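J.: Build me a structure from this.
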Amino acid sequence: MNVTELLADLQAQHDETAARTGELRDQIEHLTATLAETEARLADLTTARKVIAELAPAGGDPIDPRRTPPTRPS
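T.: Numbering: from 1, shown residues only. This is a model prediction of the structure:
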């Protein structure tokens, strides 16, 4: 293998690695956005669970759907 072939091989490897780096960065960006959305959903579910637990009658009795929630001051 001469120097020209070696340089061409190194350039090909560089180009392949640069392309793979771009693909991985895109995947990281996508996963980061998906993680943020999932964490927000988890926070919403945690809040909903806490609110329902506070409104639920003691003893775990079923919630009466006719029961009106307490009003909050404006």
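J.: Now do the helices for the chain: every range, in order, please.
T.: 3-55 (DSSP state H).
J.: Low-confidence ranges, it, go.
T.: Applying pLDDT under 70 to the chain picks out residues 59-65, 67-74.
J.: how about a cut-off of 80?
T.: Along the chain, segments meeting pLDDT under 80 span 57-74.
J.: So for it, which residue is the most central one in space?
T.: For the chain, the residue nearest the mean C-alpha position is Leu35 (1.4 Å; CA atoms, centre = their mean).
J.: Tell me how far it lies from Ile28.
T.: Look at Leu35 and Ile28: by CB to CB, to the nearest Å, they are 10 Å apart. For glycine as for every other residue, the C-beta is placed from the backbone atoms N, C-alpha and C.
J.: again, but for Leu10
T.: Computed as CB to CB, the Leu10 to Ile28 distance reads 26 Å.
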